[in-house]
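S.K.: Sequence below, structure please.
(one chain, ligands or ions: 1)
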Amino acid sequence: MKIRKGDRVQVLAGKDRGKTGTVTFAYPAKDKVVVDGLNVAKKHQKPKGGTMQGGIIDKEMPMAVSNVAIICPSCSKPTRIGYRFEPDGTKVRICRKCEGDLA
Ligand SMILES: [Zn+2]
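M.R.: Predicted coordinates for the structure are as follows:
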């Protein structure tokens, strides 16, 4: 999977289309990511134990990685991810638009 935790992404589809956020969790096995503050669902939480409060809480749900695009830190545009190989064989992610490195 090309997108990782910490990447800034823009949502391409769904109710949060056009919004941007930072990836807080990546699930490569499921091709899903959780983006900070996006794809939020209201969860009705039952109080349990002494510390957990009940009520309605906002919970970020995982979304398909195909529905987000990374935002390039160099050109600030949503882009596709390419790869460049260093002489030592290291694979570096690059922006397909400006060819800048994606951290
Ligand atoms: Zn770029």
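
S.K.: Those residues of the chain touching the ion, which are they?
M.R.: 72, 74, 75, 95, 97, 98, 100 (C-beta under 5 Å from the ion). (C-beta placed from N, C-alpha, C; glycine too.)

S.K.: what bridges to the most centrally placed residue in the chain?
M.R.: Geometric centre of the chain, nearest residue: residue 23, 3.3 Å, by C-alpha atoms, centre = their mean. Residue 23 has these beta-bridge partners by DSSP bridges: residue 35.

S.K.: what sits against it?
M.R.: 3, 4, 5, 6, 7, 8, 9, 33, 34, 35, 36 (C-beta atoms under 8 Å, 6 or more residues apart in numbering).

S.K.: the strands in the chain, which residues?
M.R.: 8-11, 20-27, 32-35, 40-45, 55-60, 63-64, 68-71, 78-79, 81-85, 91-95 (DSSP state E).

S.K.: Out of those strands, which one sits most buried?
M.R.: The highest mean neighbour count among these, using mean count of other C-beta atoms under 10 Å, belongs to strand 32-35: a mean of 23.

S.K.: what's in contact with that one?
M.R.: Against strand 32-35 from outside (C-beta under 8 Å, 6+ apart): 3, 9, 11, 16, 21-27, 60-65, 68.
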